[in-house]
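Colleague: mind folding the following:
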Amino acid sequence: MENLPHGIKATVIQKKDQQVLLQTQDGQSLLWPCGLLEGVEVGSIVSLVVFISEDIDQERSRFSKIFLNEILQEN
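Modeller: Reported below is the predicted structural model:
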């Protein structure tokens, strides 16, 4: 999944209340709901991807193809 467009890697710095504190590689901080990052622990690296609304359907289709190809290659 390294070929994701518009992607930013971030590290989980802290889990607090119902939020996770993320820090991007350039030092920016971001609070994210815990429910959207289930199973992550402090120190985990996550990839954040941003799309404009007009691109969502196209990217959803592209992601589906990528995931399907990964699944088929594993078997």
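
Colleague: what is the helix or strand harbouring Lys65 packed up against?
Modeller: If you go by DSSP states H and E, Lys65 is part of helix 56-74. Helices and strands touching helix 56-74, by 3 or more Cβ pairs under 8 Å, 6 or more residues apart in numbering; DSSP states H and E: there are none. Every C-beta, even on glycine, is put in place using the N, C-alpha and C of the backbone.

Colleague: the strands in the chain, which residues?
Modeller: 7-16, 19-24, 29-33, 45-49 (DSSP state E).

Colleague: coming back round to it: just the buried residues of the helix holding Lys65, please?
Modeller: Applying a neighbour-count criterion of 16 or more other Cβ atoms under 10 Å, helix 56-74 contains no buried positions.

Colleague: what's the angle from the helix or strand of the chain at the bottom of the mean pLDDT ranking to strand 45-49?
Modeller: Least confident helix or strand, the chain: helix 56-74 with a mean of 86, by mean pLDDT, DSSP states H and E. Angle of helix 56-74 versus strand 45-49, following axes from the mean of the first three to the mean of the last three Cα atoms, to 10 degrees, is 140 degrees.

Colleague: CA atoms of helix 56-74 as CSV?
Modeller: Extracted C-alpha coordinates of helix 56-74, given in CSV (Å, rounded to 0.1, in the frame of the first residue of the first chain):
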residue,chain,number,x,y,z
ILE,A,56,-14.0,9.4,-3.3
ASP,A,57,-15.9,7.0,-5.6
GLN,A,58,-12.9,6.7,-7.9
GLU,A,59,-10.5,6.1,-5.0
ARG,A,60,-12.8,3.6,-3.4
SER,A,61,-12.8,1.6,-6.6
ARG,A,62,-9.0,1.8,-6.9
PHE,A,63,-8.6,0.7,-3.2
SER,A,64,-10.9,-2.2,-3.8
LYS,A,65,-8.8,-3.4,-6.8
ILE,A,66,-5.6,-3.0,-4.7
PHE,A,67,-7.0,-5.0,-1.8
LEU,A,68,-8.4,-7.7,-4.1
ASN,A,69,-5.0,-8.1,-5.9
GLU,A,70,-3.2,-8.4,-2.5
ILE,A,71,-5.6,-11.0,-1.3
LEU,A,72,-5.3,-13.0,-4.6
GLN,A,73,-1.5,-12.8,-4.5
GLU,A,74,-1.4,-14.2,-0.9
